[in-house]
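# Sharing a sequence plus its predicted fold:
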Amino acid sequence: MLSTTANRIIALGKKGVGIFLFIICSVAIYREVGSNENVVQYGAQIKIQFQKIAIYQWAILFFLMLLNFLVESFKWKIVLKSETAISIFTALKSVFVGQAFAFYTPNRIGEYVGRTMMLETENKIIAVGRMAWASYAQMIVTIIMGAIAIYINPPFLPWLRWATPLLLIFALIVYFHKVTFSGILKSFNFLQIEIPVKKKLLALSFLRYSVYLAQYTWAAHILNIPIPFITLWVALAVMFLSLSIVPTISITELVIRGQLILLLLSPWYQNSLMLISLSTIIWAVNFLLPAIIGAFLLLGFRLKQ
């Protein structure tokens, strides 16, 4: 009798973990959004701009967001293939949960926790190592596009035109050079992935980067911001590179994104409110909404062990 009661309590506790995590993430998201500088300062004006957007325009933004995370889910599925086979639905689910944890953690490190906790595999360290490769591939694409953008139009320091290609070369060497550890570090060899997998990650990272550009281009079109595509893309490439280097959390990233967009695009367009609205729309669709979805998905989480 006592054994049965104990088992029921343990089972209830395992199921309750998901509810507990949902509450923590929900409260954190609410507090962070409510205290955000851009939301507090421009909230009323941004709300007016949001209300002007038609339903079909929002639908296209949401579709691009889903496409964005589907691409990331394929990266996650491919990089885990040799360790554990997961469906694309499971991969997408874990990616969204990762967003919930990433939303309020420095440099999005919580994403590693959120993604791996949704996997069946007990060896979470391998999954974290594989995720690092997927993130690194995205970083290389960001550096490539940022280096091209800075060469075309260096917005800050002229010498960056030559420094970023050197950074890119170094990053590519580290990415493709397969290191075989020996001695006490030999146990880390399991974190390596094959070159064909690395190439697939880069290809998917380029596709995801293209979706980012499409999202910003569509949002600029919605807000009637008259900036040429090439000018917008160059500015965005520099912004993405800057954001990948500067330590942030997702909520402070909204403020930094807004300031960077003002800095990079104000020479072509002086309406600060519309540029802040552009940044906020993308942040809300790409970061806030996925974090909320991830938080609700936590309700179905339970401890396996």
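Structure's in. What do you need?

# so how many other residues sit close to Pro226?
Neighbours of Pro226 under the rule other C-beta atoms under 10 Å: 9. C-betas here are computed from N, CA, C, even on glycine.

# Buried ones in the helix or strand hosting Glu72, by neighbour count?
Take DSSP states H and E as the rule and Glu72 turns out to sit in helix 55-80. For helix 55-80, a neighbour-count test (16 or more other C-beta atoms under 10 Å) marks 57, 60-61, 64-65, 67-80 as buried.

# tell me the contacts of the spatially closest residue to Trp76 that is not a sequence neighbour?
Excluding the flanking residues, the one nearest Trp76 by C-beta to C-beta, 6 or more residues apart in numbering is Ala91, at 4.7 Å. Shown in contact with Ala91 (C-beta atoms under 8 Å, 6 or more residues apart in numbering): Ser73, Phe74, Trp76, Lys77, Leu80.

# Which pLDDT value belongs to the first one?
Just to be clear, that refers to Ser73. pLDDT for Ser73: 93.

# do the fourth one as well
According to the model's per-residue confidence, Lys77 sits at a pLDDT of 89.

# contacting residues for Val79?
Arg130, Met131, Trp133, Ala134, Ile193, Val197, Leu201.

# List the single closest residue to it in space, sequence neighbours excluded.
The shortest distance from Val79 to any non-neighbouring residue, by C-beta to C-beta, 6+ apart, is to Arg130 (4.3 Å).

# Could you do Arg257 as well?
The nearest residue in space to Arg257 (C-beta to C-beta, 6+ apart) is Ser279, at 4.5 Å.

# Now do the strand or helix carrying that neighbour against helix 55-80: the angle between them, please.
Taking DSSP H and E as the criterion, Ser279 maps to helix 272-283. Angle of helix 272-283 versus helix 55-80, following axes from the mean of the first three to the mean of the last three C-alpha atoms, to 10 degrees, is 50 degrees.

# Determine the set of other helices and strands touching helix 272-283.
helix 37-51, helix 195-222, helix 250-265 (3 or more C-beta pairs under 8 Å, 6 or more residues apart in numbering; DSSP states H and E).

# Same question for that helix: list its buried residues.
Neighbour counts over helix 272-283 (16+ other C-beta under 10 Å) mark Met274, Leu275, Ile276, Ser277, Leu278, Ser279, Thr280, Ile281, Ile282, Trp283 as buried.

# which of those residues lies closest to Val113?
Val113 has its nearest neighbour among the buried residues of helix 272-283 in Trp283, at 21.9 Å by C-beta to C-beta.

# Show me how far the helix holding Glu72 is from its chain's centre.
11 Å (C-alpha atoms, centre = their mean, to the nearest Å).
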